[in-house]
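Asker: following is a predicted model, sequence given first.
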Amino acid sequence: MRLHAYLPKTVLAARETARSIEGAIRQELAGCATSLRVDLHGIRSMAPSFFDELIRIIEESVIAEGRTVPDITIANPHRRLSPAFQAVCRAHMLEISESTEGDWLITQAHQ
């Protein structure tokens, strides 16, 4: 899912902006069994609040279908993984790491 195709903005800051593409996210997840790729190519900046709402939408979508949150790859992030984005994932009981290529990898936290 390439966000810039749905949001012709280069800065993603508001929760409302994430909610504006909720339908597209749900549609992407409908055909997705175990993973989701969110491509940030063309996005210069993403605020933790947008990221939090994006994760919330994904959670709501899969829970409504009786599934668990899929593995999520954030491709082409605008910067290195920061503590703010790690905190968002912890709040959702998810783990996030950075691959050697720079992508962010999000998985269910191990209990």
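Answerer: That came through fine.
Asker: contact partners for S45?
Answerer: T10, V11, L12, A13, H78 (C-beta atoms under 8 Å, 6 or more residues apart in numbering). Glycine gets a C-beta too; all of them are placed from N, C-alpha and C.
Asker: quick check, the first one in contact with R44.
Answerer: Looking back up the chat, that one is T10. Yes: with contacts counted by C-beta atoms under 8 Å, T10 reaches R44, the gap being 4.4 Å.
Asker: where does the protein have low pLDDT?
Answerer: The model of the chain has pLDDT under 70 over residues 31-33, 111.
Asker: so which residues of this structure form strands?
Answerer: Using DSSP state E, the strands found in the chain span residues 11-12, 35-39, 45-46, 71-75, 94-98, 104-108.
Asker: quick one, phi/psi of the spatially closest residue to V62 that is not a sequence neighbour?
Answerer: The shortest distance from V62 to any non-neighbouring residue, by C-beta to C-beta, 6 or more residues apart in numbering, is to V69 (5.7 Å). Per-residue torsions, V69: phi -60, psi 130 (degrees, to the nearest 10).
Asker: surely V69 and L94 touch.
Answerer: Yes: using C-beta under 8 Å, V69 is in contact with L94, at 6.7 Å.
Asker: show the contacting residues for the residue nearest to V62.
Answerer: So V69 contacts I58, E59, V62, H92, L94, Q108 (C-beta under 8 Å, 6+ apart).
Asker: rewinding a little: L40: which of the contacts of S45 is nearest?
Answerer: Taking C-beta to C-beta as the measure, L40 lies nearest H78 of those, at 6.3 Å.
Asker: the closest one: neighbour count?
Answerer: The tally of other residues near H78 (other C-beta atoms under 10 Å) stands at 15.
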